[in-house]
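A.B. asks: model the following, please.
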Amino acid sequence: IVAFLQVSDLHVTDAQSTLRAEWLDRFGDDDSPVRAALGPIGTYRTQESLTTQVVEAMARALRRIDTGPVAGGPIGFTVSTGDAADNAQANEVEAAIRLLHGGSEVLPDSGDRGRWEGVGTTDHYDPRYWHPDGTPTGAEEDRPRSRHGFPLVPGLLDAARLPFAASGVGFPWYPVHGNHDRLLAGTVTVNRFLARLARSGRKSVRLPDRLAPADLVELLGGSELRDLALVPAFADAPFRAVTPDAGRAPLELAGWLAAHDGRSALPATATPWYAFDAGPVRALVLDTVDHEGGWQGSIGAEQLAWLEAELEAASDHWVDAGGRLRHRPGPARPVVLFSHHPLRCLINDWSPTGARRVLADELAAVLARYPALVAWVNGHTHAHGVLPHPRHPALEGGWWEVTTASHVDWPQQARVLELAVDGAGQLVLAATVVDHTGALRPDAGDLGSVETLAGWSRLLAANDWQRVGPDGTVAGRGRPEDRNVILVCAGAPVPSPSAQEAQPA
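C.D. replies: Take a look at the predicted model:
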């Protein structure tokens, strides 16, 4: 019926940005006195300088896929399910669009075009960061090398800054709004101080002297950063001088929408939630970002009303809010929902303006009433997952939630998804993960190659010491049943043979 590609959580990162607080990450290390309260933090990754090369390597892999591997139908489109940018910066959004759209040059550099100014340099040595060029004479060997076995890769940071031509994914692509596309660090709204800091030449280097590690627990607010809670840590933190870059300016929602105009399949719309047709399938894209702040999601009342109207229009029967079974003449259509956050992450009710936020339980109850829904495809967690969800007791079957891992953390995979009709005449959803073209042995490759750099990123990500579990495995890959699966969509509408022949535009 339809086959499409999903990429998620590209996290294209300006790793030299003045808005980054890499020093926060060490408080999630195993020797941190506040690790138990904060857990892994994720403001620093050894592979963060290589995000553009990973997305390019994935685009090259996806361009090789013409048909679905299970049902064999032609690929119709790609959906990028949010967090294409890492820090809501204009230069990150622009790079992500160029990588997916193709046909232009990508410059993975900011500030001084002649040298690397982010962390990990020997000029501003800090043993908590990985230094691929080595340790300065007389200095302590950095912790990633001495404690975690990270290698020397001389020249990697300079190679990471080199421009290259973007291939593009080769199909029409639809963007989904993610919290890192809208909020600083995926969490914090922009105020005047942060907007000025973005364009400044001041990069914070450590916790302010007035704060102790224990103060971070209160400052970071547990699992959510809200209401500019992070700003005090920036305002009086010690800084070092770097080269300013206007491209680091935070991008407002209108700018995000305008940046995609004409270079993606995003329809002309004033909202980041929208619908499109893929043959007989109706695709609905949600904006699950709480624009007031916080890294977890929710939706507003207006968006919920739009979603219900779309689901009703695609259904020939459903259960109304009062529990009564309703019918409508005419054929039903299968619906696939897309968003950044999974259902279980819609727990952010933060609303300083008092606007109502719709959370997971309420939305699940609504979705259960519409048999047209067959799948919800999302990301955010940086881990593969496949979950079944039941329908209302008055309806048959249920719907599937498919969550796909990120491009910045292990395992750096995408998906092919196919809706098809099996030999028994029932609708099925096939999901297959895809690896990028990064080199499996990057240590034997040329640092001037995108594949070599993407291979280094995957290898570094697989050894992220904050994400390695007690059994030695790295979070993200999920269980076997979270990856390559064929899922029966019981109770879902099956398009007529004539509708099945329709191909997506």
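A.B. asks: in a helix, residue 417, correct?
C.D. replies: No - note on residue 417: no helix contains this position according to DSSP: H, G, I helix; E, B strand; the rest coil, which reports strand.
A.B. asks: for it, what are its contacts?
C.D. replies: By Cβ atoms under 8 Å, 6 or more residues apart in numbering, residue 417 lies in contact with 3, 4, 5, 6, 375, 377, 402, 429, 430, 431, 432. Any C-beta I mention is one placed from the backbone N, CA and C, and that applies to glycine too.
A.B. asks: that one pairs with what?
C.D. replies: With DSSP bridges applied, the residues forming beta bridges to residue 417 are residue 4, residue 431.
A.B. asks: pLDDT wise, what is it at?
C.D. replies: You'll see residue 417 listed with a pLDDT of 98.
A.B. asks: in the helix or strand hosting residue 59, which residues are buried?
C.D. replies: Residue 59 belongs to helix 51-62 when elements are defined using DSSP states H and E. Residues of helix 51-62 classed as buried by neighbour count (16 or more other Cβ atoms under 10 Å): 51, 52, 53, 54, 55, 56, 57, 58, 59, 60, 61, 62.
A.B. asks: with stretch 462-472 instead?
C.D. replies: In terms of neighbour count (16+ other Cβ under 10 Å), stretch 462-472 has its buried residues at 462, 463, 464, 465, 466, 467, 468.
A.B. asks: could the buried residues of helix 51-62 be laid out in JSON lines, adding distance to residue 93 and pLDDT?
C.D. replies: Conversion of the buried residues of helix 51-62 to JSON lines gives the following (distance: Cβ to Cβ, whole Å; pLDDT from 0 to 100):
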{"residue": "51", "distance to residue 93": "13", "pLDDT": "98"}
{"residue": "52", "distance to residue 93": "13", "pLDDT": "98"}
{"residue": "53", "distance to residue 93": "18", "pLDDT": "98"}
{"residue": "54", "distance to residue 93": "17", "pLDDT": "98"}
{"residue": "55", "distance to residue 93": "13", "pLDDT": "98"}
{"residue": "56", "distance to residue 93": "16", "pLDDT": "98"}
{"residue": "57", "distance to residue 93": "20", "pLDDT": "98"}
{"residue": "58", "distance to residue 93": "18", "pLDDT": "98"}
{"residue": "59", "distance to residue 93": "17", "pLDDT": "98"}
{"residue": "60", "distance to residue 93": "21", "pLDDT": "98"}
{"residue": "61", "distance to residue 93": "23", "pLDDT": "98"}
{"residue": "62", "distance to residue 93": "20", "pLDDT": "98"}
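A.B. asks: which one of the residues you listed is nearest residue 235?
C.D. replies: Residue 235 lies nearest to residue 51 out of the buried residues of helix 51-62, by Cβ to Cβ, at 27.8 Å.
A.B. asks: quick one: that closest one and residue 496, what's the gap?
C.D. replies: Counting by Cβ to Cβ, to the nearest Å, the separation of residue 51 from residue 496 is 44 Å.
A.B. asks: same thing with residue 362?
C.D. replies: In terms of Cβ to Cβ, residue 362 sits 34 Å off from residue 496.
A.B. asks: likewise for residue 96?
C.D. replies: Applying Cβ to Cβ, one obtains 38 Å for the distance of residue 96 from residue 496.
A.B. asks: name the residue in residue 362 and residue 496 with the higher neighbour count.
C.D. replies: residue 362 (15 against 10; other Cβ atoms under 10 Å).
A.B. asks: could I get the average pLDDT for the one helix or strand the more buried one maps to?
C.D. replies: Following DSSP H and E, the helix or strand that holds residue 362 is helix 360-367. What helix 360-367 shows for mean pLDDT is 98.
A.B. asks: how about it as PDB, C-alpha atoms only?
C.D. replies: C-alpha atoms of helix 360-367 as PDB (Å, rounded to 0.1, in the frame of the first residue of the first chain):
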ATOM      1  CA  ALA A 360      -0.600  10.800  27.600                       C
ATOM      2  CA  ASP A 361      -3.600   9.300  29.400                       C
ATOM      3  CA  GLU A 362      -6.100  11.700  27.800                       C
ATOM      4  CA  LEU A 363      -4.600  11.300  24.300                       C
ATOM      5  CA  ALA A 364      -4.500   7.500  24.600                       C
ATOM      6  CA  ALA A 365      -8.200   7.400  25.500                       C
ATOM      7  CA  VAL A 366      -9.000   9.500  22.400                       C
ATOM      8  CA  LEU A 367      -6.900   7.400  20.000                       C
END
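A.B. asks: list the buried residues of it.
C.D. replies: Applying a neighbour-count criterion of 16+ other Cβ under 10 Å, one finds 360, 363, 366, 367 buried in helix 360-367.
A.B. asks: make a markdown table from these and add distance to residue 47 to it.
C.D. replies: Formatted as a markdown table, the entries for the buried residues of helix 360-367 read as follows, by distance: Cβ to Cβ, whole Å:
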| residue | distance to residue 47 |
| --- | --- |
| 360 | 31 |
| 363 | 34 |
| 366 | 39 |
| 367 | 36 |
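A.B. asks: and which of the residues you listed is nearest residue 397?
C.D. replies: After measuring these against residue 397 - Cβ to Cβ - the closest member comes out as residue 367, at 12.8 Å.
A.B. asks: pretty sure that closest one sits against residue 373.
C.D. replies: Yes - using Cβ atoms under 8 Å, residue 367 is in contact with residue 373, at 5.7 Å.
A.B. asks: now for these two: what residues contact both?
C.D. replies: 311, 337, 399.
A.B. asks: could you dump those residues to a markdown table with secondary structure?
C.D. replies: What follows is the shared contacts of residue 367 and residue 373, written out as a markdown table (three-state DSSP):
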| residue | secondary structure |
| --- | --- |
| 311 | helix |
| 337 | strand |
| 399 | strand |
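A.B. asks: of those, which is the nearest to residue 25?
C.D. replies: Compare each of the shared contacts of residue 367 and residue 373 with residue 25 using Cβ to Cβ and the shortest gap goes to residue 337, at 33.3 Å.
A.B. asks: that closest one: neighbour count?
C.D. replies: Counted with other Cβ under 10 Å, residues neighbouring residue 337 total 22.
A.B. asks: in stretch 99-113, what's buried?
C.D. replies: 99, 100, 101, 102, 106, 107, 108, 109, 110, 111.
A.B. asks: same check, this time on stretch 432-449
C.D. replies: Residues 432, 433, 434, 436, 437, 438, 439, 442, 445, 447, 449 are the ones in stretch 432-449 that count as buried (16+ other Cβ under 10 Å).
A.B. asks: can you give me the end-to-end distance of it?
C.D. replies: From its first residue to its last, stretch 432-449 covers 27 Å (Cα to Cα, to the nearest Å).
A.B. asks: contacting residues around the nearest residue to residue 41 once chain neighbours are set aside?
C.D. replies: Among residues not flanking residue 41 along the chain, residue 28 sits closest, at 3.9 Å (Cβ to Cβ, 6 or more residues apart in numbering). Taking Cβ under 8 Å, 6+ apart as the criterion, residue 28 is in contact with 35, 38, 39, 40, 41, 42, 466.
A.B. asks: what about the first one, how many residues nearby?
C.D. replies: Other residues near residue 35 number 17, with proximity taken as other Cβ under 10 Å.
A.B. asks: with adjacent residues omitted, what lies nearest to it?
C.D. replies: Leaving out its chain neighbours, the residue that sits closest to residue 35 by Cβ to Cβ, 6+ apart is residue 28, at 5.8 Å.
A.B. asks: can you pull out the helices in the stretch 201-350 of the chain?
C.D. replies: Residue ranges of the helices in the stretch 201-350 of the chain, as given by DSSP state H, counting those that start in this stretch, are 213-220, 231-235, 253-260, 301-313.
A.B. asks: now the angle from the helix holding residue 362 to helix 301-313?
C.D. replies: Our comparison of helix 360-367 with helix 301-313, counting by axes from the mean of the first three to the mean of the last three Cα atoms, to 10 degrees, yields an angle of 30 degrees.
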